[in-house]
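Asker: this one's sequence-less:
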């Protein structure tokens, strides 16, 4: 008779079983990270056999898989029986914790943490303290705050997170959008994988413009020309750069105009020289910086002559705001 184990930590009294692969019920929702067996795992099981048992709860009519779905799938394909460690009768919380603990030592992605948290949050009256400990989440950490914000989003957004299309850092920004606005934002991430900085910037600018102008996300993205950019056949990198530039232009139209005019004038003023002209402080002052890279005294003399020519250019005055020339 099998000994009942009341905690996944109490493995000393667990029982070893040999089960048919097709006899094992591998449909439990606590197997939230399960994936198809890798070719290397399949080869290892074929040539070396099963060296590590899978975990099951064999208290029912069929053994219920607790951890080891990839090994069970691979052994089923090989037509082999499965070595199982019976943990006894476990509730859904204990099964989920056992599954997480069986993966201890691996670094969890944000997508994996969110997937696990959705499972545990769905259990009635669950004590989250052991869950957070098992997932390596500090109670007051920024990561936990972002995970909790992400859990307010529609479930299908988890796929975008898991695919790396949208970073977890955007969770609190996305949480602030209405369901209709969230739906409008999906094409922004459906075929593009955004970096943390660019995603946060673009979503922040979208939110600020919508509040400032009293428009919807759909109207903003229409003005940005999102569909045209996505249909233009650009590389993902170029498409994201274009979207970022257009979003910034809509958020900061005056600053963008100043930058455009300054860049064009600086190019004319420094044409034919090695000098570089920049506006260093987002036009909060009328200051302009000139810099040059030199490798010899001769180049210094040439740069000095070039600086004299720059000082004589008619366009030089256009680098400075009106009234401060």
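Answerer: Everything's here; your move. Note that the structure is predicted; figures quoted are calculated from it, not measured. Residues are numbered from 1 along each chain as shown.
Asker: go ahead and flag the most central residue of the protein.
Answerer: Residue closest to the mean C-alpha point of the chain, counted by C-alpha atoms, centre = their mean, is residue 167 at 2.3 Å.
Asker: who's in contact with that one?
Answerer: Contacts for residue 167 were tallied using C-beta atoms under 8 Å, 6 or more residues apart in numbering; they are 110, 161, 194-196, 199-200. In short, each C-beta sits where N, CA and C put it, glycine included.
Asker: hmm, residue 247 is touching residue 206, no?
Answerer: Yes: in terms of C-beta atoms under 8 Å, residue 247 counts as a neighbour of residue 206; the distance is 6.5 Å.
Asker: mind checking the SS state of residue 83?
Answerer: strand (DSSP: H, G, I helix; E, B strand; the rest coil).
Asker: from residue 255, how far off is it?
Answerer: In this structure, residue 83 and residue 255 are 65 Å apart, going by C-beta to C-beta, to the nearest Å.
Asker: ok, the two, which is more surrounded?
Answerer: residue 83 (18 against 13; other C-beta atoms under 10 Å).
Asker: so what pairs up with the more buried one in the strands?
Answerer: Residue 83 has these beta-bridge partners by DSSP bridges: residue 18.
Asker: next helix or strand past the host helix or strand of residue 248?
Answerer: Remark: residue 248 resides in helix 236-251, with elements defined by DSSP states H and E. Going down the chain from helix 236-251, the next helix or strand is helix 253-270, by DSSP H and E.
Asker: please tell me how far the residue nearest to the centre of the chain sits from residue 173.
Answerer: Where residue 173 is concerned, residue 167 sits at a distance of 10 Å (C-beta to C-beta).
Asker: do residue 220 as well
Answerer: For residue 220, the distance to residue 173 (C-beta to C-beta) stands at 14 Å.
Asker: of these two, who's got more company?
Answerer: residue 220 (22 against 17).
Asker: doesn't residue 40 make contact with residue 74?
Answerer: No: under the criterion of C-beta under 8 Å, residue 74 lies out of contact with residue 40, with a separation of 10.3 Å.
Asker: okay, the two: which has more neighbours?
Answerer: Taking residue 74 and residue 40 together and counting by other C-beta under 10 Å, residue 74 has the greater number of neighbours (24 against 8).
Asker: ok so that one is a strand residue?
Answerer: No: assigned with three-state DSSP, residue 74 falls outside any strand and is helix.
Asker: residues in contact with it?
Answerer: Contact analysis of residue 74 by C-beta under 8 Å, 6+ apart lists 37, 41-42, 45.
Asker: next, the residue lying closest to it once chain neighbours are set aside: secondary structure please.
Answerer: Taking C-beta to C-beta, 6 or more residues apart in numbering, and ignoring the residues beside it in sequence, residue 74 has residue 37 as its nearest neighbour in space, at 3.8 Å. With three-state DSSP as the basis, residue 37 sits in coil.
Asker: tell me the confidence at residue 37?
Answerer: According to the per-residue confidence, residue 37 scores 89 in pLDDT.
Asker: next: residue 1.
Answerer: Checking the pLDDT column for residue 1, the value is 30.
Asker: equivalent analysis for residue 140, please.
Answerer: Residue 140 is assigned a pLDDT of 90 by the prediction.
Asker: that one and residue 148, how far apart?
Answerer: In this structure, residue 140 and residue 148 are separated by 12 Å, where distance is defined by C-beta to C-beta.
Asker: so between these two, which is more surrounded?
Answerer: Set side by side, residue 140 and residue 148 show unequal neighbour counts under other C-beta under 10 Å, the larger going to residue 148 at 16 against 7.
Asker: now do the contacts for the more buried one.
Answerer: Taking C-beta under 8 Å, 6+ apart, we find residue 148 in contact with residue 117.
Asker: show me where the protein dips below the pLDDT cut-off.
Answerer: Per-residue confidence for the chain (pLDDT under 70) gives these ranges: 1-13, 321-325.
Asker: mark which of the contacts of residue 167 are buried, thanks.
Answerer: Members of the contacts of residue 167 that pass the buried threshold by neighbour count (16 or more other C-beta atoms under 10 Å) are listed as 110, 161, 194, 199-200.
Asker: count of neighbours near residue 268?
Answerer: Burial of residue 268 is recorded as 13 neighbouring residues (other C-beta under 10 Å).
Asker: tell me the spacing between the closest residue to it other than its chain neighbours and residue 266.
Answerer: Setting aside the residues directly before and after it, residue 268 is nearest to residue 315 in space (C-beta to C-beta, 6+ apart), at 4.8 Å. Between residue 315 and residue 266 the computed distance is 9 Å (C-beta to C-beta).
Asker: what's the answer for residue 128, then?
Answerer: With C-beta to C-beta as the criterion, residue 128 and residue 266 are 56 Å apart.
Asker: compare the two (neighbour count), which wins?
Answerer: Set side by side, residue 128 and residue 266 show more neighbours around residue 266, with 21 against 16, by other C-beta under 10 Å.
Asker: give the contact list for the more buried one.
Answerer: The contact partners of residue 266, by C-beta under 8 Å, 6+ apart, come to 277-278, 319.
Asker: swap the cut-off to 10 Å and go again
Answerer: Contacts were defined as C-beta atoms under 10 Å, 6 or more residues apart in numbering; by that measure residue 266 touches 275-279, 288, 290, 315-316, 318-319.
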